[in-house]
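> Output the structure for:
(one chain, ligands or ions: 1)
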Amino acid sequence: METIPDMKILVPVKRVVDFNVKVRVKADGSGVDTASVKMSMNPFDEIAVEEAIRLKEAGKADEVIAVSVGPAQAMETIRTALAMGADRGILVRTDEAVEPLGVARVLKALAEKEGPGLVILGKQAIDGDNNQTGQMLAALLGWAQGTFASRVEIGDGEVTVTREIDGGLQTVRLKTPAIVTTDLRLNEPRYASLPNIMKAKKKPVEETTPEALGADISPRLRVVRTSEPAQRQAGIKLGSVPELVGKLKEAGVL
Ligand code: AMP
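A predicted model of the protein is given here:
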């Protein structure tokens, strides 16, 4: 099978609170408690890594690069991507909480340096639920974007993306280089096997910083408050339909 020459895929992967963890808001409301909580790769980013690896396995790409913007521990997230099958990693180190625009600026600098044919991101990070980074990156680079992808097919100088939209699907054809963001139904990510976890330790990971890339990550917003969802009121059992109708009338629903 013919490989599209020099087709690199850049996959941004974020370290977030594991999706099985019940998050707790810090006592001062400044954010969510992440100390001693299990952290994992953002689930939509696992789907992005899986898709990039499948495209490589199908001979449509020749290198998959995982990149994470975050603290030293984000290296674990990169190693997970490498264990799944990515070829190399880039850790852009910062201990600041970086907003989507900051991440997009870092990714723009890396895209200009690496020249990927595709950047595949998650549609959203499950911690901040922003759903912004891919779109901002497309705008900063002036590249086409296919968001909420449930199918990705690479052609010659183009990529066809089926998008999950309200009540159906939409198919768009984009000129490459392009940005794709993943939706849940795109694929089922593989688990890394133990031998591949061992092999991943030897794969190259470059370390850099936002400053070295010339990316401004200064914050544009301040979190004013974080709160738990409102507690649901306990329910009551009613003995009959007339009693239910009476209660609904009392509540002004009927
Ligand atoms: P968001 O706009 O924050 O919901 O994130 C959307 C996607 O952008 C994520 O699924 C990741 O692919 C990427 N992303 C966001 N923040 C980071 C980060 N700090 N490092 C790497 N990728 C990120």
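> Find the residue closest to the one residue in the stretch 51-200 of the chain that gets nearest to the ligand in space, skipping its chain neighbours.
With Cβ to the nearest ligand atom, the shortest gap between the stretch 51-200 of the chain and the ligand falls at residue 122, namely 2.3 Å. For glycine as for every other residue, the C-beta is placed from the backbone atoms N, C-alpha and C. Nearest residue to residue 122 in three dimensions, chain neighbours excluded: residue 44, at 2.8 Å (Cβ to Cβ, 6 or more residues apart in numbering).
> packing partners for the helix or strand hosting the one you found?
Assigned by DSSP states H and E, residue 44 belongs to helix 43-57. Under the contact definition 3 or more Cβ pairs under 8 Å, 6 or more residues apart in numbering; DSSP states H and E, helix 43-57 sits against strand 8-12, strand 63-70, helix 74-84, strand 118-122, strand 144-154, strand 178-182.
> Tell me the buried residues in that helix?
Neighbour-count burial for helix 43-57, counted by 16 or more other Cβ atoms under 10 Å, picks out 43-56.
> What residues does the stretch 51-200 of the chain have near the ligand?
By the rule Cβ under 6 Å from any ligand atom, the part of the stretch 51-200 of the chain lying against the ligand is 68-70, 98, 100, 103, 121-122, 124-125, 128, 130-134.
> please redo it, this time with the cut-off set to 5 Å
68, 69, 100, 103, 121, 122, 124, 125, 130, 131, 132, 133 (Cβ under 5 Å from any ligand atom).
> Could you pick out the buried ones from these?
By 16+ other Cβ under 10 Å, those give 68, 69, 100, 103, 121, 122, 124, 125, 131, 132, 133 as buried.
> Save those residues as a markdown table, and put in pLDDT too.
What follows is these, written out as a markdown table (pLDDT from 0 to 100):
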| residue | pLDDT |
| --- | --- |
| 68 | 98 |
| 69 | 98 |
| 100 | 98 |
| 103 | 98 |
| 121 | 98 |
| 122 | 98 |
| 124 | 98 |
| 125 | 97 |
| 131 | 98 |
| 132 | 98 |
| 133 | 98 |
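> Which of these sits closest to residue 167?
Nearest to residue 167 out of these is residue 131 (Cβ to Cβ; 18.8 Å).
> Not counting sequence-adjacent ones, nearest residue to the closest one?
residue 124 (4.0 Å).
> for that neighbour, what are its contacts?
44, 130, 131 (Cβ atoms under 8 Å, 6 or more residues apart in numbering).
> can those residues go into a markdown table with extra columns for distance to residue 197?
Below are the contacts of residue 124 laid out as a markdown table (distance: Cβ to Cβ, whole Å):
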| residue | distance to residue 197 |
| --- | --- |
| 44 | 22 |
| 130 | 30 |
| 131 | 31 |
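> Give me the distance between the residue nearest to residue 122 and residue 156.
28 Å (Cβ to Cβ, to the nearest Å).
> what's the answer for residue 123, then?
26 Å.
> Neighbour count: these two, which is higher?
residue 123 (23 against 6; other Cβ atoms under 10 Å).
> ok, the more buried one touching residue 147?
Yes: using Cβ atoms under 8 Å, residue 123 is in contact with residue 147, at 6.5 Å.
> Determine the residues that are contacts of both of the two.
Common neighbours of residue 123 and residue 147 (Cβ under 8 Å, 6+ apart) are 134, 181.
> and stretch 39-47, C-alpha only, in PDB?
Extracted C-alpha coordinates of stretch 39-47, given in PDB (Å, rounded to 0.1, in the frame of the first residue of the first chain):
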ATOM      1  CA  MET A  39      -5.500  11.300  36.200                       C
ATOM      2  CA  SER A  40      -5.700   9.900  32.700                       C
ATOM      3  CA  MET A  41      -5.700  10.900  29.000                       C
ATOM      4  CA  ASN A  42      -8.800  12.800  28.000                       C
ATOM      5  CA  PRO A  43     -11.100  10.100  26.500                       C
ATOM      6  CA  PHE A  44     -11.700  12.100  23.200                       C
ATOM      7  CA  ASP A  45      -7.900  12.300  22.800                       C
ATOM      8  CA  GLU A  46      -7.600   8.500  23.200                       C
ATOM      9  CA  ILE A  47     -10.000   8.300  20.200                       C
END
